[in-house]
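[1] Sharing a model that was predicted from the sequence below.
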Amino acid sequence: KKMDPQPAQPIQEKPKSKKPLIIGAVALAVIVLVGGYFLAQTVIKDTKTQASEYREGLAKEQVSIAVLDGSGGTYPSIVFDVDSLSMNSNVYEGLTIIRGGRVSPGLAESWSNPDATTWRINLRKNVLFHSGDRLTAKDVKYTIEEAKKNEDWVNNFIAVRVDSVTIVDDLTLDIKTQNPDATLLHWLVWVMILSEDQVKRDGIEKAVGTGPYQWDSVDRKEPMLKANTGYWGGAPKVKNLRYKAYADDKALIDGLSKNEVDIGVIQDRTSAGVLTEKGIRLVSARIGDINLLAFDFTNAKTKYVDKEQNPFLNSKVRKAIMLTLDIPDILKKSDRQGSAITQIGNSDLVGFDSTLSRPTLDREQAKKLLAEAGFPAGFTVTLDFSASAKDFCEILKDQLAEIGITVNLNPIVNFNDFFDKIAGKNADSSFYYMSYVPDTLDAFDLINSFVHTSDKKGNGFNNFRGYSNSELDKLLDEAAMTFDTKERVEKTKKIQKLVMEELPVIPLSARIATYPIRDEVGFKPAPLGFIFGVELSGREKIVVSN
C-alpha cells in the first residue's frame, strides 16, 4: 500500500429494496465484523529468529517512520492515501478503528440494529479530545454532517451514505441510512470524530482528535507526534513519532542506511538487501494491494492520444492490451514481489472467483483486435502514474510497443499532483496506472468503486474518467442490498465475469510489501499495510546467561 501511494477507499449508497429487509442486531453485527471482510495476516519473515530471542512491547523514546513525498497534512484536509491515513489515524479516531489489520470498536463501545437501516451507537464514556473537551454524541453528529457538506473533506464520499444522525442522549445516537448498509461500520473508520466546540473555537485547520498521539509539529516534510498519555486505550509504548518524506524507494533505502528513519515500506527488495548488513530486518507481508490500468471514457477524442478517435472507447483495444501484457515478466524485471491477478481483486477478498483466469498471451491476436477497432498501425498515448512505479511502467511501455501502441511515460513525483491529474476538478488523463488497497475486503465494494457509474451518492467514486454500463449498474445495485454473504458472493462472481469481458479497467497484479524495520523496533505488519504508532514498540534481544 505504500508503494505507489494511491487514492483509496470505496463506498456505495444502497438502492431501495423491493421488499422489507429486517435483520436481527446480533446477526447483522456478525455479518459486518465476521462475514469474511477481514484477511488473515500473512507475514513471511526473512530474519529467521525464534520468538524467545527477542522481547517486544517495550517502551521507546522515538520511532522515525518513512513516508512517500506528497503524503501528509492534517485531517480532514488530506488525500486518501495510505501514508496520510496512517499518520492521521494516530491523532484522530472514528467510531471504529483498525487494529492488527481488523476493524475494532473505537469511539463506539458497542452498537446494535433496531431495524435494517438504523445503527444505534453507544459511545465510550470519559473519552477526552486533546483539547480537553469530552466526547459526546453531538460531536459525532457534527462531524458526519460537516463531512457530508464539505466535498473537499477526505471522507465526504463516506459520510454521504449516512441519511441522518439523531442524538438519543449524550452517549447514544442513531445513524440512519436510506437503505440497508451492511458495511457501514467499516467505512466509519475514516469518518474520524472532531470536537464541535473545539473546531468552532479554533478553526478546522487546528482540529484535534482523541487518538493515542497528538500533533507536536505539523511541518509537511517532517511532522512530529507526541504520545497522548491520557488515551482511553492506554498510553502508547513509543513516546514520539517522527515522519520523514522521501521521493522514492531508492531515497528511502538510503535514508534507512543513514539511520534517518527506523521503519518504512518499499517495493525494491533487491536494493533493500544492503539494509540487512546494517542491522535492519526485512519483513514481507501480503497487504491486498492491486494495480490497474484505467482509461478516459468521457471524451470521444481524448487529449493525449494522437488520433481523432478515442481508442479506449472500443473494448477491442482494451482486450488487445490485456492480451499483450506479460505480468510475471513485468514483476520480475521491475523487481517487485507479487502475482498477476485475474479480476478486480485478489484471492483474499470475499467474492473472489477462482474459476476466472487471465487470457493466454497472444500479441498477434492483439494486433488483429487493434486493426478491427480501426487502429491497424496502433497509436501513441501518454501514461500517467505516480513516479514510484516508473520501473514497472517502463516495462509495460516496452510490451505495448510490441503491438504498435507507443506509450509516452509521465511519472508524477508528488502524489497530490498525480491525484489531481486523474481525478481532480481539472482531470484530463487519457490513460493511467494506479494502485489501490481494498477497503472492506469484499470484492463487491471494490468492483463497485471502479465500474459503477459515478454519482453524488458515492457510487463509482474510483471511476474517475466516466465509464458507464447500465447492465453492470443494475447488477451492482442488486448486490448492494444483499446482506447474506453467500448470496452476495454469487452475485459478485457474475459481476466479475462481465467486468472481465468489458474491461473498464485492466487488472494487473497484486503485491507483497517489504517492511525494512530497524532491529530495536517492534512491529508486526497487518493485512491493510498501515503503520500505526500504537502498534510500534521497543524491541531488544534477550541475553541468556549460562
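    Great, that's in hand.

[2] quick one: low-confidence ranges for the stretch 201-350 of the chain?
    Where the stretch 201-350 of the chain drops to pLDDT under 70, the residues are 220, 268-269.

[3] And the strands in it, which stretches?
    In the stretch 201-350 of the chain, the segments counted as strands under DSSP state E, counting those that start in this stretch are 213-217, 224-227, 238-246, 280-295, 338-340.

[4] Please point out which parts of the lengthiest helix in the chain sit buried.
    In terms of residue count, the longest helix belonging to the chain (DSSP state H) is helix 485-502. Neighbour counts over helix 485-502 (16 or more other Cβ atoms under 10 Å) mark 485, 488-489, 491-493, 495-496, 499-500, 502 as buried. In this view, the C-beta of every residue, glycine as well, is placed from N, C-alpha and C.

[5] still on that earlier bit, ranking the strands of the stretch 201-350 of the chain by mean neighbour count, which comes first?
    strand 280-295 (a mean of 22; mean count of other Cβ atoms under 10 Å).

[6] returning to that earlier point: show me which of the buried residues of helix 485-502 is closest to Gly351.
    Among the buried residues of helix 485-502, Thr492 lies closest to Gly351 (Cβ to Cβ), at 3.4 Å.

[7] which residues touch that closest one?
    By Cβ atoms under 8 Å, 6 or more residues apart in numbering, the contact set of Thr492 is 350-351, 353, 442-444, 447, 479.

[8] which one of the residues you listed has the most neighbours?
    Ile447 (30 neighbours; other Cβ atoms under 10 Å).

[9] Just to check, that one is in contact with Ile495?
    Yes. Ile447 is within contact range of Ile495, at 5.8 Å (criterion: Cβ atoms under 8 Å).

[10] which residues are in contact with both of the two?
    Leu476.

[11] related to what we said a few turns ago, roughly how far is the longest helix of the chain from the heart of the chain?
    21 Å (Cα atoms, centre = their mean, to the nearest Å).

[12] Give me the average confidence score over it.
    The average of the pLDDT scores along helix 485-502 is 93.

[13] All further residue positions should be reported with the first residue as 28.
    Sure, I'll start counting at 28 from here, so that last one is helix 512-529.

[14] Could you look up the next helix or strand downstream of that helix?
    Using DSSP states H and E, the next helix or strand after helix 512-529 towards the C-terminus is strand 532-545.

[15] partners of the helix or strand just after that next one, with directions?
    Using DSSP H and E, the helix or strand that directly follows strand 532-545 along the chain is strand 548-549. Sheet partners assigned to strand 548-549 using DSSP bridges are listed as strand 564-568 (antiparallel).

[16] got the angle between the strand it pairs with and strand 532-545?
    On the basis of axes from the mean of the first three to the mean of the last three Cα atoms, to 10 degrees, strand 564-568 is oriented at 60 degrees to strand 532-545.

[17] Restrict strand 564-568 to CA atoms and write it as CSV.
    Once non-C-alpha atoms are left out, strand 564-568 reads as follows in CSV (Å, rounded to 0.1, in the frame of the first residue of the first chain):
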residue,chain,number,x,y,z
SER,A,564,7.2,-0.6,20.4
GLY,A,565,10.8,-1.1,21.6
ARG,A,566,12.5,-4.4,20.9
GLU,A,567,15.6,-6.0,22.4
LYS,A,568,17.4,-9.2,22.1
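
[18] how many other residues sit next to Ala428?
    Ala428: 13 surrounding residues under other Cβ under 10 Å.

[19] To clarify, my last question referred to Gly100.
    If we define neighbours as other Cβ under 10 Å, then Gly100 has 17 of them.

[20] One more: Gly401?
    By other Cβ under 10 Å, 13 other residues sit near Gly401.

[21] Would you tell me what helix or strand it is located in?
    Applying DSSP H and E, one finds Gly401 in no helix or strand.

[22] ok, it to Ala347 distance?
    12 Å (Cβ to Cβ, to the nearest Å).

[23] Same question for Asp108.
    31 Å.

[24] same thing with Asp375?
    The value you get for Asp375 to Ala347, if Cβ to Cβ is used, is 29 Å.

[25] and Gly100, what pLDDT?
    pLDDT at Gly100 comes out at 85.

[26] Then it would be within a helix, right?
    No. The assignment for Gly100, made by DSSP: H, G, I helix; E, B strand; the rest coil, is coil rather than a helix.

[27] what's the distance between it and Thr409?
    Applying Cβ to Cβ to Gly100 and Thr409 gives a distance of 28 Å.

[28] Over to Pro438?
    11 Å.

[29] Can I get the helix or strand hosting Val408 in CSV, CA atoms only?
    Taking DSSP H and E as the criterion, Val408 maps to strand 406-413. Output of strand 406-413 as CSV, limited to C-alpha atoms (Å, rounded to 0.1, in the frame of the first residue of the first chain):
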residue,chain,number,x,y,z
PHE,A,406,-1.5,4.8,-31.8
THR,A,407,0.5,7.0,-29.4
VAL,A,408,-0.7,7.7,-25.8
THR,A,409,0.6,9.3,-22.6
LEU,A,410,0.5,7.1,-19.5
ASP,A,411,0.2,9.0,-16.2
PHE,A,412,1.5,7.3,-13.0
SER,A,413,2.9,8.0,-9.6
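
[30] residues in contact with it?
    So strand 406-413 is in contact with 31-33, 331-334, 338, 420, 423-424, 431-439, 442, 445, 448-449, 456-462, going by Cβ under 8 Å, 6+ apart.
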